[in-house]
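Chemist: model this:
(chains A, B and C)
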Amino acid sequence: MVDYCKINLENTINSGQVFLWKQIQNNWFGVNGQDVLRITDSGKIKSYAKQKIDFLREKDNLEEILRMISKDKTTRQAVKKYLGMRLLRQDPFQCLISFITSSNSNIQKIKSSLEKMSKKFGVKVKFDNQEFFLFPKPEKLANASINEIKSCGVGYRARFIKEAANRTVLEKINFEYLKKSNYQNAKEEICLIPGVGNKVADCVLLFSLNKLESFPLDRWMIRILEKYYSDKFQLETKTITEKQYGILHEKIVNHFGPYAGYSQQFLFKMERENYQKKWL
DNA sequence: GGTGAACCTCTATG
DNA sequence: ACATAGAGGTTCA
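Modeler: Okay, the predicted model is just below:
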């Protein structure tokens, strides 16, 4: 087995993609929508709901992708160091709510809010002799009051969460349609949801809707671009406006190619680890 | 079209 | 103890 084939689950889970995962002995357990997954260190998945989903994106041609995104010294280094890290294919609704919750927040707080939300609005299940709370169904959050949602510690984001859930129920957002649609179109659609801007949209597109050219630009990525790519991606304004975000994204895809999202994940992981941030 | 402020909440820092 | 800054952003004026 060539080493790029071997997954590093810990690095994968702790790379800012998912928030409701924990390690129990040699297994990782995580809530994924209306399902709970158990993954062994070697990457074998057991699904509570007996779903067959390619959660670890095992059908991606990693050899080709890693070769294609290794366009410069920085990415080559990041890819080499975190070779076993993968992008995950998450439940779209959970992913959407997670990243609406993430805005102007931090990992610990996002985790705590999502755990509270699952506990309050999700169904309790038993899997492998452990208790889990599934992620709330869209109807449940759509019917909840703003104050009930606020009690999960999400603050002003509560109304965004309710509205996103509501639009999902009413099929104003249709994830299956967005999966089939192209990047630009899917992004425009998803940005119509209040609380969803460029960054949150790109996270949802990359982590749950298979848009591998998404390249979420948050504070960290901007910092990384300034540090390693100041020659390639000159920032034209002080703050990243809607227009600048688009221009920057185009330059990024021109440089990294159609799998730019993978490069983002490696760069992000490397920089975070360099700063030795606690993920918890 | 770009800028700056406000926004919930929690934590780290002084 | 208390104030202030900052955090995987977005919206509004």
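Chemist: State the distance from the residue of the stretch 51-200 of chain A found nearest DNA strand C to DNA strand B.
Modeler: Using Cβ to the nearest atom of the strand, the single residue of the stretch 51-200 of chain A nearest to DNA strand C is A:G197, 2.6 Å away. C-beta: built from backbone N, CA, C; applies to glycine. When Cβ to the nearest atom of the strand, to the nearest Å is applied, the distance between A:G197 and DNA strand B equals 11 Å.
Chemist: Then A:W28?
Modeler: 24 Å.
Chemist: again, but for A:L66
Modeler: Distance, A:L66 to DNA strand B, using Cβ to the nearest atom of the strand: 34 Å.
Chemist: Disregarding flanking residues, what is the spatial nearest neighbour of the closest residue to DNA strand C within the stretch 1-150 of chain A?
Modeler: Each residue of the stretch 1-150 of chain A has a distance to DNA strand C, by Cβ to the nearest atom of the strand, and the smallest belongs to A:G16, at 1.1 Å. Nearest residue to A:G16, sequence neighbours excluded (Cβ to Cβ, 6 or more residues apart in numbering): A:F268, at 6.6 Å.
Chemist: Just the pLDDT for the residue of the stretch 51-200 of chain A closest to DNA strand C.
Modeler: Looking at A:G197, its pLDDT reads 92.
Chemist: Could you do A:G257 as well?
Modeler: 96.
Chemist: next one: A:C191
Modeler: Per the predicted model, pLDDT is 93 at A:C191.
Chemist: How about A:K22?
Modeler: At A:K22, the predicted lDDT confidence score is 92.
Chemist: Does the helix or strand encompassing A:Q108 reach DNA strand B?
Modeler: Assigned by DSSP states H and E, A:Q108 falls within helix A:107-121. Yes - on the criterion Cβ under 7 Å from any atom of the strand, helix A:107-121 is in touch with DNA strand B at A:108-109, A:112.
Chemist: Need those in a markdown table (columns: neighbour count, distance to DNA strand C and pLDDT).
Modeler: Supplementary listing: these in a markdown table, determined by neighbours: other Cβ atoms under 10 Å; distance: Cβ to the nearest atom of the strand, whole Å; pLDDT from 0 to 100:
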| residue | neighbour count | distance to DNA strand C | pLDDT |
| --- | --- | --- | --- |
| A:Q108 | 12 | 9 | 85 |
| A:K109 | 15 | 7 | 88 |
| A:S112 | 16 | 12 | 90 |
